[in-house]
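Asker: My questions concern the predicted model and sequence given below.
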Amino acid sequence: MDTSIVGVDAREILDSRGNPTIEVDVVLGDGSIGRAAVPSGASTGANEAVELRDGDKARFGGKGVRQAVENVVEQIGPEVEGLDAVDQAGIDQLLIELDGTPNKGNLGANAILGVSLATAHAAAASLGMPLYRYVGGVGARTLPVPFFNILNGGKHAQDSTDFQEFMVAPIGVETYAEALRAGAEVFWALRSILHDEGHGIGQGDEGGFAPSLKSNEAAVEVIVRAIEKAGYKPGVDVAIGLDPAASSILEAGTGTTGPDGKAITGRYRLTRENRTLDSGELIDLWASWVDRYPIVSIEDGLAEDDWAGWVELTKRLGSKVQLVGDDIVVTNPTFIQRAIDERAMNAVLIKLNQIGTLTETIGAIELARSTGWRAQVSHRSGETEDTTIADFVVALGTGQIKSGAPSRSERVAKYNRLLRIEEELGDAAIYPGRSALAVTR
């Protein structure tokens, strides 16, 4: 067994939206190969690590990643060749130092993450281990509660809801396999209802349906009906999760300060309902929904700069529902620590490409856990067939994953990989259900 890196290669491939992304191969001395493809987001936080794009409008509309590929082959490859792939932390630190910027804007977070993940895959292959066991050790046996994005809106679908994601989470079943079945059955029950009532059943970026409904609340109402139609009890067997992606509907000003030093409250524009809400009014809306519907998790309920609003949101609803920070913390320990200090949420979303290396992502999860928060591992809207996050969520035992609807192969690939992991674990597998949530009311 020779785990030294002897070769690094990369190529430009397409993601689920038909846009270019990068795929990286790492080859070890014993012939083991690790491969990783890097996803891309549409609703992205301002403080995410930089996804390097070429900017050449004559090619892929400027979205090409040939420079990132070149950076892997010509700059990163020669520096990591000869190093031991098992030293993940050391290699990741070298990648950070090679880039030399706080946001990975030199080599590109997409280039760096591709090498980081491919290295882990190669080391696992050399040792004859599945990735979840290699990264997580002997204690890795917790399967995640899947949050299925079955109704898409916002930036993920045109002419649908203002809010981006309406999810279902099977919290009252016994196994992951049963959870996947429940998600699929609710998904198809929703399709049946929408079709029968004359709504469009086209799908958004993450595989969920994208109907043109009369209001945002109508989306929650129809999902409750779909849960019931599929034979499950709303809030008992299957609950609802939201990701409004509030930054994408902010008109201006939230989280900034005026000349007098006082906070300027921005306005959230609900185009579907032809009205605007300030932070307090949007919190009122979430409070009303939580009281009336089986909602157990709200991600990005306010904008990424609305820190004062997040604190108030957590004061009001933090004991009733899981409040997940995504755009506001971007898997970055600096922002997560601020959120901890200000008590601004009770859970964080984890996206590997927001921070750029495997080691840093693990550090972000460990920091969140240190204060008793939950972590939900997530895909991106521009995905590939790469299933790394399925192994990663089991390795870290976070107990929650979101990977889109139970539809479209780039989403289902992650869910199916988790089925295989559950089968491998056998009786040792744990499905946490409701206990995976930050709030278990």
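Answerer: Done, it's in.
Asker: residue ranges of the helices in the stretch 101-250 of the chain, please?
Answerer: All helices of the stretch 101-250 of the chain, identified by DSSP state H, counting those that start in this stretch, fall at 109-127, 131-136, 176-196, 217-229.
Asker: now swap in the stretch 251-400 of the chain and tell me
Answerer: So, for the stretch 251-400 of the chain - with DSSP H, counting those that start in this stretch - the helices run 279-292, 307-317, 333-342, 352-355, 358-370, 388-396.
Asker: who does the following helix or strand past the last one pair up with?
Answerer: What it means is helix 388-396. The C-terminal neighbour of helix 388-396 among helices and strands, as given by DSSP states H and E, is strand 400-402. Strand 400-402 pairs in its sheet with strand 145-152 (parallel), strand 374-378 (parallel), by DSSP bridges.
Asker: So which of those strands is the most surrounded?
Answerer: strand 145-152 (a mean of 29; mean count of other C-beta atoms under 10 Å). All C-beta spots, glycine's among them, are computed from the backbone N, C-alpha and C.
Asker: now it: mean pLDDT?
Answerer: For strand 145-152, mean pLDDT is 97.
Asker: Just give me how far it sits from the chain centre.
Answerer: Relative to its parent chain, strand 145-152 has a centroid offset of 11 Å by C-alpha atoms, centre = their mean, to the nearest Å.
Asker: in a helix, that's where Asp30 is, yeah?
Answerer: No - counting by DSSP: H, G, I helix; E, B strand; the rest coil, one finds Asp30 to be coil, located in no helix.
Asker: so where is the stretch 51-200 of the chain shaky, pLDDT-wise?
Answerer: The stretch 51-200 of the chain contains residues with pLDDT under 70 at 155-159.
Asker: Now do the phi/psi pair for Asn332.
Answerer: phi -110, psi 120 (degrees, to the nearest 10).
Asker: Verify the stated contact: it with Ile355.
Answerer: Yes - applying C-beta atoms under 8 Å, one finds Asn332 in contact with Ile355, separated by 5.8 Å.
Asker: and the nearest residue to Pro144 once chain neighbours are set aside, what are its bridge partners?
Answerer: Closest residue to Pro144 apart from its sequence neighbours, by C-beta to C-beta, 6 or more residues apart in numbering: Ile401 at 4.0 Å. For Ile401, the beta-bridge partners under DSSP bridges are Pro146, Val377.
Asker: Enumerate every residue touching Ala287.
Answerer: Ala287 sits next to Arg316, Leu317 when contact means C-beta atoms under 8 Å, 6 or more residues apart in numbering.
Asker: so how far is Lys233 from it?
Answerer: To Lys233, Ala287 is 23 Å away according to C-beta to C-beta, to the nearest Å.
Asker: returning to what we had before: check the helices of the stretch 101-250 of the chain for me and report the most buried one.
Answerer: Ranked by mean neighbours (mean count of other C-beta under 10 Å), the helices of the stretch 101-250 of the chain are led by helix 109-127, with a mean of 27.
Asker: Next, the angle helix 358-370 makes with that helix.
Answerer: 90 degrees (axes from the mean of the first three to the mean of the last three C-alpha atoms, to 10 degrees).
Asker: What is helix 109-127 packed up against?
Answerer: Applying 3 or more C-beta pairs under 8 Å, 6 or more residues apart in numbering; DSSP states H and E, we find helix 109-127 packed against strand 5-14, strand 20-28, strand 33-37, helix 66-70, helix 88-99, helix 131-136, helix 352-355, helix 358-370.
Asker: Thr388 is nearest to which of these?
Answerer: strand 33-37 (6.1 Å; C-beta to C-beta).
Asker: if we can go back for a sec, would you turn the helices of the stretch 101-250 of the chain into CSV with distance to Ile33?
Answerer: Output for the helices of the stretch 101-250 of the chain, formatted as CSV (distance: least, C-beta to C-beta, whole Å):
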stretch, distance to Ile33
helix 109-127, 6
helix 131-136, 13
helix 176-196, 29
helix 217-229, 42
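Asker: Out of those, flag the one nearest Ala10.
Answerer: Closest to Ala10 of the helices of the stretch 101-250 of the chain, according to C-beta to C-beta: helix 109-127, at 6.4 Å.
Asker: Show me how this protein divides into domains.
Answerer: 5-128, 145-436 (automatic domain parsing).
Asker: ok now the last one, how far from the chain's centre?
Answerer: Averaging C-alpha coordinates over domain 145-436 and over its chain gives two centres that are 8 Å apart (C-alpha atoms, centre = their mean).
Asker: Pull up the distance across it, start to finish.
Answerer: Domain 145-436 stretches 7 Å from its first residue to its last (C-alpha to C-alpha, to the nearest Å).
Asker: Burial check on Ile96, number of neighbours?
Answerer: 19 (other C-beta atoms under 10 Å).
Asker: Relative to Gly136, which of the domains of the chain is closest?
Answerer: Counting by C-beta to C-beta, Gly136 lies closest to domain 145-436 out of the domains of the chain; the figure is 3.1 Å.
Asker: Out of the helices and strands packed on helix 109-127, indicate the one that is most buried.
Answerer: Among those, the stretch with the highest mean neighbour count (mean count of other C-beta under 10 Å) is helix 352-355, at a mean of 26.
Asker: Restricting to C-alpha, output that helix in PDB.
Answerer: C-alpha atoms of helix 352-355 as PDB (Å, rounded to 0.1, in the frame of the first residue of the first chain):
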ATOM      1  CA  LEU A 352     -18.400  22.000   1.500                       C
ATOM      2  CA  ASN A 353     -18.000  24.500  -1.400                       C
ATOM      3  CA  GLN A 354     -18.800  27.500   0.800                       C
ATOM      4  CA  ILE A 355     -15.500  27.100   2.700                       C
END
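Asker: any idea of the mean pLDDT for that helix?
Answerer: The average pLDDT for helix 352-355 rounds to 94.
Asker: Can you tell me which residue is spatially central in the chain?
Answerer: Nearest residue to the geometric centre of the chain (C-alpha atoms, centre = their mean): Ser378, 2.2 Å.
Asker: Pull the contacting residues for that one.
Answerer: Asp326, Leu349, Ile350, Lys351, Ile389, Ile401, Lys402, Ser403.
Asker: Mind giving me the PyMOL command for buried ones among the residues you listed?
Answerer: Those of the contacts of Ser378 that count as buried under 16 or more other C-beta atoms under 10 Å are selected in PyMOL with:
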select buried, resi 326+349+350+351+389+401+402+403
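Asker: which non-adjacent residue is nearest Gly183?
Answerer: Leaving aside its chain neighbours, Gly183 sits nearest to Phe148 (4.1 Å; criterion: C-beta to C-beta, 6+ apart).
Asker: Can you verify my assumption that the one you found contacts Ala179?
Answerer: No - counting by C-beta under 8 Å, Phe148 sits too far from Ala179 to count as a contact (9.1 Å).
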